[in-house]
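Asker: Let me see the structure of the following:
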Amino acid sequence: MRHVLFHCPIYDHARADLIREVGTEDMQKVLSGPACKAAARWFVGVGVLQQFKVAREIDEEDPDEYVPPPELD
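Answerer: Numbers count the residues shown, from 1 in each chain. This next block holds a predicted model:
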């Protein structure tokens, strides 16, 4: 967890945004209290955890393009 949040070069491009939003690099503070929500959004946004891939896809959907399925007989 610490490596991904603060050291992994794969996420260098996004890390500054997280640190700016939470205002600290203290892992305990990042993973508790209000900062926890920002960290969760960051994990989803950068695609760290594959199990959140669907959450990211839903967030990126345009609800105006939604077409309900046809009614079944």
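Asker: how close does M27 get to F52?
Answerer: Using Cβ to Cβ, to the nearest Å, M27 is found at 20 Å from F52. No exception for glycine: its C-beta is placed from N, CA and C like everyone else's.
Asker: Those two - which one has more neighbours?
Answerer: When M27 is set against F52 and neighbours are counted by other Cβ atoms under 10 Å, the residue ahead is F52, at 17 against 13.
Asker: give me every residue that touches the more buried one.
Answerer: F43, V44 (Cβ atoms under 8 Å, 6 or more residues apart in numbering).
Asker: next structured bit after the helix or strand containing H3?
Answerer: Element membership for H3, per DSSP states H and E: helix 2-6. Along the chain past helix 2-6, the next helix or strand (assigned with DSSP H and E) turns out to be helix 12-22.
Asker: roughly how far out does that following helix sit from the chain middle?
Answerer: For helix 12-22, the gap between its own C-alpha mean and the chain's C-alpha mean amounts to 12 Å (Cα atoms, centre = their mean, to the nearest Å).
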